[in-house]
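Visitor: take a look and give me a structure for this.
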Amino acid sequence: MLSAGRNLQQVLAVDQCDAGELIALLTFFFNMSRQRDPDAVDFLRDGECAVTVHLSRHNDIVAVDRGPGLSDDELTRLQAQIREELIAPSSAVVGRDVLFAGYPVRGFLQIGAELAILPVPDCAPRPNFLLAEHPFLIEFRLPSSKNYWIQNARRQHASFQMALFLNLVFSRGVTWYGPRSRNAWAWVDPASGSRDAYQFCQLNYCYSGFVRESDQFTDTQPFAKLKEVPADRYFDDPDALSDYELTVPSSLHEQYRSWKALSRAEERVFFRALYWYYCGGELFDTSVTAGFLAISRAIEALLPAQSDEARCPSCHRAVGPSISRRFRNFLDEFSPPLGTEDATVRQQLYATRSKYAHGSGLMLLDEFPLNTGLTHRSSEDRTVLNCAFKLTRRAVLNWLLKTKA
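Guide: Residues are numbered from 1 along each chain as shown. As a prediction, this is how the structure comes out:
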């Protein structure tokens, strides 16, 4: 049996586990941990270090050391639990969640035996006006685990990934509430003149009969298929819709398959970009400037890393192209200008990004929130914002298709 200090990576089959899931299992197994330094976590048994996990800056596990607090019997139990709950082949289940689209969802879309998009049932609450968050169901296949917490984390992670992906693809995006509790004051009874008309409510959504997991996908026979719109029209015209309901691009199946074909490292970069794109939409109502910068971060997340060799030997600063130049080159490659006007707007976009990224100003709606008049500056801000969303969306999708190829 291994002595204290010896690496447990092979013994615990770390290379076969998801790093986040293994950290979660160790947390449940030992019930106590401490962060010894930024790159190492100790898991304790009776006050003694039993296992130390060393992590990279990307949260990958680089080493697992045995401590004096881990007995031989407990190591055997830990090995068995990891095999049973994280590694052993298990039957797949269908996870389910509610997302919110910018248009009502009245039809369904199925991508093989992996993903389904369909309306919520008739009993589910719906908004009674168009400019709202319209609920719809996503169903997806995922591996099951006997550990409830691991299973719950897998489903939530898959839901979040689906939400980020569909937010990029769907016209007007997608909203995901997620596991974090959020509260806000709400006007719950407009007809009432009492103070009870306003309540501090939790942001949440559900309906009678909703279950988060099932053995099979929902029967789609009662629904019509979601209308598919040619991809070039769908992404060039944000309102490429039919009767004010959700439509999907004809390229959605290919884009989904391209995502699933990415390597682990490529997928990490891709979802970092999707995350910033999602934040851009979420931040817009709070800060137009912050939303714009988040959209810019989506492009920066996909920029190739600069070589360590391209540095000045004296000051060690990078001597290659600047971040602004690399930003422009990326857009030129993955979202090339479509005409003279497009090229002009891009120059505004680059200049605006550099100015706001260094704190040299705010967009008009942030500086003067009540200024809704049509002025030269407000018009310029709108043009740059529309350009940022459109070019970033196109560039990220083109990067996906090219990287997969």
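
Visitor: make it CA atoms for all contacts and neighbour counts henceforth
Guide: Fine.

Visitor: contacting residues for residue 132?
Guide: 102, 103 (C-alpha atoms under 8 Å, 6 or more residues apart in numbering).

Visitor: distance of it from residue 255?
Guide: Residue 132 sits at a distance of 26 Å from residue 255 (criterion: C-alpha to C-alpha, to the nearest Å).

Visitor: just say helix, strand or coil for residue 300.
Guide: helix (DSSP: H, G, I helix; E, B strand; the rest coil).

Visitor: contacts only, for it.
Guide: 273, 327.

Visitor: in the chain, which spans are strands?
Guide: Along the chain, counting by DSSP state E, strands occupy 33-37, 40-45, 48-55, 61-66, 92-101, 109-111, 115-119, 134-143, 174-175, 183-187, 198-202, 213-214, 228-229, 248-249.

Visitor: dump the ones you listed to TSV, plus mean pLDDT and distance to residue 375.
Guide: Below are the strands of the chain laid out as TSV (pLDDT from 0 to 100; distance: least, C-alpha to C-alpha, whole Å):
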stretch	mean pLDDT	distance to residue 375
strand 33-37	89	53
strand 40-45	95	54
strand 48-55	94	52
strand 61-66	94	54
strand 92-101	96	31
strand 109-111	95	43
strand 115-119	97	41
strand 134-143	96	33
strand 174-175	96	31
strand 183-187	90	33
strand 198-202	91	36
strand 213-214	94	52
strand 228-229	92	35
strand 248-249	94	35
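
Visitor: ok, which of those comes nearest residue 264?
Guide: strand 61-66 (14.4 Å; C-alpha to C-alpha).

Visitor: what angle sits between that closest one and strand 48-55?
Guide: Put simply, strand 61-66 runs at 170 degrees to strand 48-55, going by axes from the mean of the first three to the mean of the last three C-alpha atoms, to 10 degrees.

Visitor: check the offset of strand 61-66 from the chain's centre.
Guide: 28 Å (C-alpha atoms, centre = their mean, to the nearest Å).

Visitor: restricting to C-alpha, output that strand in PDB.
Guide: C-alpha atoms of strand 61-66 as PDB (Å, rounded to 0.1, in the frame of the first residue of the first chain):
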ATOM      1  CA  ILE A  61      -5.700  17.900 -11.300                       C
ATOM      2  CA  VAL A  62      -1.900  17.600 -11.600                       C
ATOM      3  CA  ALA A  63      -1.200  15.400  -8.500                       C
ATOM      4  CA  VAL A  64      -3.000  13.700  -5.700                       C
ATOM      5  CA  ASP A  65      -0.800  13.000  -2.600                       C
ATOM      6  CA  ARG A  66      -1.600  10.600   0.300                       C
END
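
Visitor: what about the residue lying closest to residue 172 once chain neighbours are set aside, how many residues nearby?
Guide: In space, and not counting its chain neighbours, residue 172 is closest to residue 102: 5.1 Å by C-alpha to C-alpha, 6 or more residues apart in numbering. Residues near residue 102, counting by other C-alpha atoms under 10 Å, number 21.

Visitor: which residues touch residue 102?
Guide: 131, 132, 133, 134, 171, 172, 173, 174, 246.

Visitor: distance of it from residue 181?
Guide: Residue 102 is 22 Å from residue 181, by C-alpha to C-alpha.

Visitor: what of residue 355?
Guide: 35 Å.

Visitor: more crowded one of the two?
Guide: residue 355 (13 against 9).

Visitor: am I right that that one is in contact with residue 363?
Guide: No - the criterion here is C-alpha atoms under 8 Å, and residue 355 misses it with residue 363 at 10.5 Å.

Visitor: what about residue 224, neighbour count?
Guide: 12.

Visitor: for it, report the pLDDT, please.
Guide: pLDDT recorded at residue 224 is 95.

Visitor: with residue 2 instead?
Guide: So residue 2 comes in at 48 (pLDDT).

Visitor: helices and strands around the top helix by length along the chain, which ones?
Guide: Longest helix of the chain, by residue count under DSSP state H: helix 376-404. Counting contacts by 3 or more C-alpha pairs under 8 Å, 6 or more residues apart in numbering; DSSP states H and E, helix 376-404 packs against helix 231-236, helix 252-260, helix 288-302, helix 323-334, helix 340-357, helix 364-367.

Visitor: make it 10 Å
Guide: Here helix 376-404 touches helix 148-169, helix 231-236, helix 252-260, helix 264-283, helix 288-302, helix 323-334, helix 340-357, helix 364-367, going by 3 or more C-alpha pairs under 10 Å, 6 or more residues apart in numbering; DSSP states H and E.

Visitor: will you turn the ones you listed into CSV that also has distance to residue 395 and mean pLDDT?
Guide: Below are those laid out as CSV (distance: least, C-alpha to C-alpha, whole Å; pLDDT from 0 to 100):
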stretch, distance to residue 395, mean pLDDT
helix 148-169, 11, 95
helix 231-236, 11, 86
helix 252-260, 13, 95
helix 264-283, 11, 94
helix 288-302, 8, 93
helix 323-334, 5, 86
helix 340-357, 13, 77
helix 364-367, 27, 85
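
Visitor: looking at those helices, which is nearest to residue 112?
Guide: Shortest distance between residue 112 and those, using C-alpha to C-alpha, is found for helix 252-260: 9.2 Å.

Visitor: and the angle for the closest one with strand 115-119?
Guide: Using the same axes, to 10 degrees, helix 252-260 lies at 140 degrees relative to strand 115-119.

Visitor: which residues are in contact with helix 252-260?
Guide: 109-112, 115, 162, 165-166, 169-170, 228, 231, 249, 261, 266-267, 270-271, 397-398, 400-405 (C-alpha atoms under 10 Å, 6 or more residues apart in numbering).

Visitor: quick check: buried residues in it?
Guide: By neighbour count on 16 or more other C-alpha atoms under 10 Å, the buried set for helix 252-260 is 252, 255, 256, 258, 259.

Visitor: for the spatially closest residue to residue 216 that is not a sequence neighbour, give me its contacts.
Guide: In this structure, residue 216 finds its nearest non-sequential neighbour in residue 94, 5.9 Å apart by C-alpha to C-alpha, 6+ apart. Counting by C-alpha under 10 Å, 6+ apart, residue 94 makes contact with 113-116, 138-144, 155, 212-218.

Visitor: buried subset of those?
Guide: With neighbours counted by 16+ other C-alpha under 10 Å, the contacts of residue 94 contain buried members at 115, 116, 138, 139, 140, 141, 142, 144, 155, 213, 217.
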